[in-house]
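J.: what's the 3D shape of this:
(8 chains)
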8 protein chains.
Amino acid sequence: MLEDILHKVAQGHVTADEAKEKLATFENLGFAKVDHHRTKRQGFPEVIYGEGKEPSQLIDISRAINAKQENVFVTRVDAEKAADIQNQMPAFTYDQTSRTLFLANGKERHQAWRGYVAIVCAGTSDLHVAEEAAKTAEAFGAEVRRFYDVGVAGIHRLFEHIHEIRQATVSVVIAGMEGALPSVVGGLVSHPVIAVPTSVGYGANFQGLSALLTMLNSCASGISVVNIDNGFGGAYNAIMIHQIANRSLSEVNTD
Amino acid sequence: MLEDILHKVAQGHVTADEAKEKLATFENLGFAKVDHHRTKRQGFPEVIYGEGKEPSQLIDISRAINAKQENVFVTRVDAEKAADIQNQMPAFTYDQTSRTLFLANGKERHQAWRGYVAIVCAGTSDLHVAEEAAKTAEAFGAEVRRFYDVGVAGIHRLFEHIHEIRQATVSVVIAGMEGALPSVVGGLVSHPVIAVPTSVGYGANFQGLSALLTMLNSCASGISVVNIDNGFGGAYNAIMIHQIANRSLSEVNTD
Amino acid sequence: MLEDILHKVAQGHVTADEAKEKLATFENLGFAKVDHHRTKRQGFPEVIYGEGKEPSQLIDISRAINAKQENVFVTRVDAEKAADIQNQMPAFTYDQTSRTLFLANGKERHQAWRGYVAIVCAGTSDLHVAEEAAKTAEAFGAEVRRFYDVGVAGIHRLFEHIHEIRQATVSVVIAGMEGALPSVVGGLVSHPVIAVPTSVGYGANFQGLSALLTMLNSCASGISVVNIDNGFGGAYNAIMIHQIANRSLSEVNTD
Amino acid sequence: MLEDILHKVAQGHVTADEAKEKLATFENLGFAKVDHHRTKRQGFPEVIYGEGKEPSQLIDISRAINAKQENVFVTRVDAEKAADIQNQMPAFTYDQTSRTLFLANGKERHQAWRGYVAIVCAGTSDLHVAEEAAKTAEAFGAEVRRFYDVGVAGIHRLFEHIHEIRQATVSVVIAGMEGALPSVVGGLVSHPVIAVPTSVGYGANFQGLSALLTMLNSCASGISVVNIDNGFGGAYNAIMIHQIANRSLSEVNTD
Amino acid sequence: MLEDILHKVAQGHVTADEAKEKLATFENLGFAKVDHHRTKRQGFPEVIYGEGKEPSQLIDISRAINAKQENVFVTRVDAEKAADIQNQMPAFTYDQTSRTLFLANGKERHQAWRGYVAIVCAGTSDLHVAEEAAKTAEAFGAEVRRFYDVGVAGIHRLFEHIHEIRQATVSVVIAGMEGALPSVVGGLVSHPVIAVPTSVGYGANFQGLSALLTMLNSCASGISVVNIDNGFGGAYNAIMIHQIANRSLSEVNTD
Amino acid sequence: MLEDILHKVAQGHVTADEAKEKLATFENLGFAKVDHHRTKRQGFPEVIYGEGKEPSQLIDISRAINAKQENVFVTRVDAEKAADIQNQMPAFTYDQTSRTLFLANGKERHQAWRGYVAIVCAGTSDLHVAEEAAKTAEAFGAEVRRFYDVGVAGIHRLFEHIHEIRQATVSVVIAGMEGALPSVVGGLVSHPVIAVPTSVGYGANFQGLSALLTMLNSCASGISVVNIDNGFGGAYNAIMIHQIANRSLSEVNTD
Amino acid sequence: MLEDILHKVAQGHVTADEAKEKLATFENLGFAKVDHHRTKRQGFPEVIYGEGKEPSQLIDISRAINAKQENVFVTRVDAEKAADIQNQMPAFTYDQTSRTLFLANGKERHQAWRGYVAIVCAGTSDLHVAEEAAKTAEAFGAEVRRFYDVGVAGIHRLFEHIHEIRQATVSVVIAGMEGALPSVVGGLVSHPVIAVPTSVGYGANFQGLSALLTMLNSCASGISVVNIDNGFGGAYNAIMIHQIANRSLSEVNTD
Amino acid sequence: MLEDILHKVAQGHVTADEAKEKLATFENLGFAKVDHHRTKRQGFPEVIYGEGKEPSQLIDISRAINAKQENVFVTRVDAEKAADIQNQMPAFTYDQTSRTLFLANGKERHQAWRGYVAIVCAGTSDLHVAEEAAKTAEAFGAEVRRFYDVGVAGIHRLFEHIHEIRQATVSVVIAGMEGALPSVVGGLVSHPVIAVPTSVGYGANFQGLSALLTMLNSCASGISVVNIDNGFGGAYNAIMIHQIANRSLSEVNTD
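T.: Residues are numbered from 1 along each chain as shown, chains lettered A, B, ... in the order given. Below you'll find the model as predicted:
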């Protein structure tokens, strides 16, 4: 592309000033533009991390995105802040468990995804992290299947659902306390597992350190880990993989 | 499948003892069998973790696999142990940097993979982890492209190669010291990044803790992390994703 | 007992000096004597922690115990030190995996134990800790059944043996890396589980911290934990429980 | 049991569908059923971990258990939440120190336990953990004897009670600050000691880490450890051992 | 100077008492006096650390400084405390983002500084630390240029400004989460970089530990680090360097 | 003493029951009695750790001590709790900075101590710990001299007072942040230094860990350390040493 | 500069290919070129981090630099490795204390620096870190003054030299154990202090963590910190500041 | 003293140069001189920390001290280094357990100490730390009584000796593993206890961290703590206290 521009300058088709602008774009906005293009083509929402941002800031950002007729998805918003925002932008839907706001406004929708993402969760206390993951994946347009309260201390609960979990494209496995669930799931499925440790527990769990270390040290292959309580990150990684499977197919289909 | 077996017992096609054996298999060997099938179909090697195993143990396991005419790949083998094993099994190739042994014996090879895996590495001291990742991906049949010594302290080195890295299916990004490289790469590519922290460094890097925390806390989306120095694990996760892209294509192709 | 002695003194049956000796014994040696009595009655060995003791020290202690015609059991003895000791005391049997020395010399043997202790172990690298536990339990006279290499990453391996594990009086469950095995076993059995974390692993396992935290945070009830790599401690706790089951029976029987 | 079912299918006594259901039960609910059976036979309560559950959730679960005419025991309930629940289910008794709710409704009571469980506690600040242990053991039907405020800094206080502690079947020893009490008790008794570190203290106790490490490193044999502040877990382990002693006796008695 | 005083005493120009006072000053207040001199010559403010000080204490100290007609700068003052102080001393200006109070009263102003200090900041959540740095540098009389929201996950944002950052005398680079920004900036500029880790983030950032370790382990040369969230300290170090550049020039100019 | 009692029993001067009581006392209350004797003889107060105790509990304990006409000293009492207690026991004096309550009621006062205890404190933020130490030493009857705000960053402030500090019997040196003051004082005095780290600071001080480690690693000899924020403990150790100096003298005097 | 090139292309003075090469240089080697220019102008050496590099690798890199007639400076080279390298390149001078190699070959020397860098060091055990700093600064052409063995436990040793230290442009202050020296020095000088913690010590110094935390928490302003044992980094930061003072002067002089 | 000198200068009895020298001495060597005086008067040895010093360095320092006819005491010297030194200075006595060298050469001996220092030690593995303490106290001229192998797991062993321990002036209590011994001793004696944690243990003792935290959190009053394995420091603190008791007496005696 650099070569193209320079040749055009040399041939007089592009002035030096125009070239400078193009090159600046290439340098400065290029990577963002790619994201933007992907967003528009697939109906991907813009995601805003709500923690530590004022309602007014969130409203400004949301309106800017909304103006481009794209979906808006906000994570880490508590109920009070959500109410403030919904007062100004009633089109937002708030989900209390996942603490997320969603505003569906995207013009161009991605084609329907094939397959589904499994969200597997050890205990009911991990629910808000699991739902942050689930709502994220849904906001990105994926089908989500939830397998909750299937912790390793009663492993038969997992086995009731293992067949359906195995059919997923990718699993996001969420656990606090000892965080052993991803190891067990990882040994039972043949697709990638994104492990999300949670801070649920007390005492020697040290705010999620225990579950984090468990997951990083897993004997099972095919497990990778994101930050403690990072349900969004777990889902985002899953969506990237889910997209690869779907993209390949669609690219083939359109050839 | 459970239903099938039981119907056959009820119809007298299968005796109770036969059924018991089948069900036992379903329970006990089922998941392993799946792995085995995948292994044979794709020419995937059996991977052995060599650390803490005696040469004689490694030889026994390797011969058993070899007898099934499958590839054998052994990680974490030091030069001395490798020499002992090669004395008995000269068909093994040893790679000193990655400390891996490989024995190519697979009858059925997987079809050629499309695309490549990027192995991106911050410094020359991280080389043995990077090569463990690279050799693993190659042992699994993937094309690997190496981008070494592109650490963030001289970020122009990364930019020379960023276009080629962006074309990869998936990146394994390896860094010690401050471990910032995956964050930068993650912001520049649109495919999944598997981050591998290394224990390279001294003082306040606390044997890789510094790089590990950096990667877990990355602001860039689409990054997941494996254990410190776990080059194999990084590559294994990458291969699972690489396979998804290829499998979709091949399944479509063969339909 | 204090009252008894004093009454005897008051009645002149016991002199003040004799009473003083008796009371001194009560104060100073009393607890040791109890142990001693238990030891003789049950053929329990005296256990010596070998780490950091010179061969000559170990020989001196062993000979003193041996002179009382009791069994001697020494833990944490490397091969070289064991050879030094065996040169002087060839009656010792050395087991290299568990790094223990045993000398069977007990005159009075405990009656045969009923039931068995399950030693359950996640991986082959944890073997020396598992065998330290197994040899300890055997040195104490218990029947041991070993269930090795049944880690959670391939949980079907555990299920092949779960019935036999469930029949044990008590389980010692040993695991390094992520240390998830006790949680799974604890959810499948109804007897106490003594969890032993091992330092096996690398990177973010931080010399066994990962497995230790996992076990302390287990969601499964009925699990208690000993120090990292403390195979002896795990077995000792198990033996105390095993003895309770047997003692109750025998006391009933002999009533 | 598997064999039985299959033979019955082969002989036509059981249809394939019935067998499937039975096997599913065996697979999926089997372990729970065992617990359930034990619960009914012994009057064991169902235990609910109250932390992080809404009053409405706790009421739903409690009513379900109550409907089966079983005892209900809820831990980690603060006074306000307890009041909410008692408004709806006044049959619940709340104990403020232990923060537990108990509802005695069990039809079949276990036979009276023989012996008692010693709850030994270092300081008055550890009381809520000690009482969580004591109330748990009592909810399970055991006799509990409390030995409170007997910390090692005034060891004569412990010695006044050591004879009675030694007569217990098992001890739960609770300590915060330096957590040295289990080591001392462990050296004075010949039954198993379950050690419970508490988060009581300040500064370099690091929320219970100090007491936890002390207990894990105890020189005394026969000590195993549960999570910081886990009074319930300490008692549950003790009850399992207490039950072994009693079960053996009762089995012998009924033979 | 010591020699001077003593000679003057010997010559009778100075009495012993006067000398004692002078020497006492030299010993006791000397270092402070140097600071004082520098303060007066350059219009440097006295800086007060507001955390944990009562409003009344802050007012007392401020008035004392004010009485000497010097600038007063107070850090770590929350809005409520600031209001209390402003009630008494309305000449104070409060900045909510940086949580600083400033009172400009200095008689002798420093000559205008040449050059500027770059305050570079990774994310909007780090703003209050960045502004503490910026306001500090401004209170000391330096020109500040702010480069905010230029984190490494979107590195093109940094590159838009890198030319201007490179022209600064010194950079203060502020980042939370993974804290990688100073490494990247350090590789792109040739002046000293003062790195300020922030506690912004969650989970495995452990209240800023992650960013701190990243910065200490930076591969880039020319980076030094101050305490977590220490925006003042970062700016103070920068000002000392900024002053060196200016001082040299001015000394030359005035020669 | 044991011998004495037994001889008296043998001679009929003491009955068995009386002897039992005496021996029980020796065993059970003996060590406490020593403390008690010392307390009465020296006017030492009973000290109560107020943290986590209810006002009613503190009142009960205080009244019991008061009834024996001894001084009462309560540490770690916040203002609200103190008010509750003073409502019931107005004889208590409350000191807000040190958060201590004192009730002087001791009949027999210790003779006047010779010498004084130096309380040396780095910064004004450490004041409440310093005052806990100072009030403790005063409650024990010692003269205290306070040297506050003499931190190492302005070491001339310390030097103004070093002569007077050196004349003390013992120093309690209190510091937060980097905690370097005890090292400097320890190198300047020839009496024992008790170092008290405080949790004052932020970021990488990790709630006092920084100051604690500094003090434990001090190059200066003659420094020993107590827990973070443990002003009472620092003073108590100092008082024990202060008493030794005084006791020796008084014993000599009374010979 | 970008504009220049584009204009030249537009005017035909530069071909598209030439422009591409120039722009590539700007992008890829630009930052390195700046360094290179600075290096040549000032006689700065190329610095090689020797740890973990093979002698042959170090020789290759050194020869390449040598060929450009620049100075070569290698850190972290043990005696054996140094001997290997000197065998091949006898022009290298090895310094055993600092474990550095230096080869003076630079054609253009920087003009003589004015002023000096103070290297201040707490104890003799920190000598190899101090000398790594000193040799680095000297390799960069600065005058170094060493103030060794002036730890805070005998603070008079520091005071003998404080006048000379205060005259330095910048101080590098090195300390292990409790690491308090930079705080004291920082309070006595008015120039920037670069603090280097060392791993010297034992026990609770945790390989330098103690000194590191001390320095990060310093109450003294004007202190910034580098990694544990990073003598090179400390000196490099100092040199950057030293250069600023000198550069300003020289720029003025040459104007 | 300052006043004196100045008056003498004013009166011409002292020249300015002489005064300068005197004042310099006061400032620079003053504190050392005090130590020196104390050393000579009391026969205290000069103590050298041998770790990390070369034999030749140790010989030089020792000879310098020896030349002043003072005792020399060197700690942390391994057997090989000791042999090297003894080759040159055969007057040195080496003690292998404590790893100390002693050379008795002091002209003026301190008068005989009254009383003794108790060295109390938990286990045989802590012996080298205990002996470092014991040899230190002996080198300083104190009588030492050793109470070894009296750990809390067999507390009767301690009670056999508690009477004799209570008679000591001060106790140094050494323990590894869980480190509980100082708490128990502290509750039984009424003199100061210096607690020395050791690194003896494995797993969750984390190189002495466990014992260190235990001791810092002790519920017993009158305990202060030194660094892990710091037998010298423990003894030095004890000697300072021992000296206070003796000094008071002697001062009284000589009055």
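J.: Now A:Asn217: phi and psi?
T.: phi -100, psi 10 (degrees, to the nearest 10).
J.: That one against C:Ala204, yeah?
T.: Yes. Counting by CB atoms under 8 Å, A:Asn217 does reach C:Ala204; the two are 6.0 Å apart. Heads up, the C-betas are built off the backbone N, CA and C, glycines and all.
J.: neighbour count winner among those two?
T.: A:Asn217 (31 against 26; other CB atoms under 10 Å in any protein chain shown).
J.: so what's the more buried one up against?
T.: By CB atoms under 8 Å, 6 or more residues apart in numbering or on different chains, A:Asn217 lies in contact with B:227, C:177-179, C:201, C:203-205, C:210-211.
J.: A:Asp78 now?
T.: Per CB under 8 Å, 6+ apart, neighbours of A:Asp78: A:Arg99.
J.: Show me where the stretch 101-250 of chain A has its helices.
T.: A:127-139, A:156-159, A:162-166, A:181-188, A:209-216, A:231-254 (DSSP state H, counting those that start in this stretch).
J.: Please identify the deepest-packed of those helices.
T.: helix A:209-216 (a mean of 30; mean count of other CB atoms under 10 Å in any protein chain shown).
J.: how about the nearest residue to A:Glu51, chain neighbours excluded?
T.: In this structure, A:Glu51 finds its nearest non-sequential neighbour in A:Arg76, 4.0 Å apart by CB to CB, 6 or more residues apart in numbering or on different chains.
J.: Report how many residues lie close to the one you found.
T.: 20.
J.: So what does it look like in phi/psi?
T.: According to degrees, to the nearest 10, A:Arg76 has phi 60, psi 50.
J.: Please report the distance of it from chain F.
T.: 23 Å (CB to the nearest CB, to the nearest Å).
J.: Does that residue touch A:Arg99 like I think?
T.: Yes. When contacts are counted by CB under 8 Å, A:Arg76 is listed as touching A:Arg99 (5.9 Å).
J.: which neighbours do the two share?
T.: Common neighbours of A:Arg76 and A:Arg99, counting by CB under 8 Å, 6+ apart, are A:Gly50.
J.: element containing A:His13, please.
T.: Element membership for A:His13 (DSSP states H and E) is empty, with no helix or strand holding it.
J.: so which of the contacts of A:Asn217 comes closest to chain H?
T.: Chain H has its nearest neighbour among the contacts of A:Asn217 in C:Ala211, at 10.2 Å by CB to the nearest CB.
J.: what sits against the closest one?
T.: C:Ala211 touches A:217, C:175-179, C:197-198, C:201, C:205, C:228, counting by CB under 8 Å, 6+ apart.
J.: Let's have those in CSV, adding distance to F:Glu51 and pLDDT.
T.: Below are these laid out as CSV (distance: CB to CB, whole Å; pLDDT from 0 to 100):
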residue, distance to F:Glu51, pLDDT
A:Asn217, 38, 94
C:Ala175, 39, 95
C:Gly176, 40, 93
C:Met177, 40, 91
C:Glu178, 38, 87
C:Gly179, 35, 93
C:Pro197, 33, 97
C:Thr198, 39, 96
C:Gly201, 39, 91
C:Asn205, 37, 89
C:Ile228, 33, 96
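J.: Can you select the buried ones among the residues you listed for me in PyMOL?
T.: Selecting only the buried entries of the contacts of C:Ala211 in PyMOL, with 16 or more other CB atoms under 10 Å in any protein chain shown as the criterion:
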select buried, (chain A and resi 217) or (chain C and resi 175+176+177+178+179+197+198+201+205+228)
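J.: which one of the contacts of C:Ala211 is nearest chain B?
T.: Using CB to the nearest CB, the contacts of C:Ala211 come closest to chain B at A:Asn217, 6.0 Å.
J.: and the stretch 51-200 of chain A, which of its residues are near chain B?
T.: Counting by CB under 8 Å from any CB of the partner chain, the residues of the stretch 51-200 of chain A close to chain B are A:169, A:187-188, A:190-192, A:194.
J.: ranking the residues you listed by neighbours, who comes first?
T.: Neighbour counts for these peak at A:Ile194, which has 30 neighbours (criterion: other CB under 10 Å).
J.: check contacts around it.
T.: By CB under 8 Å, 6+ apart, the neighbours of A:Ile194 are A:170-173, A:223-226, A:234-235, A:237-238, B:224.
J.: Distance-wise, check it relative to chain G.
T.: 33 Å.
J.: That residue bridge partners, please.
T.: A:Val172, A:Ser224 (DSSP bridges).
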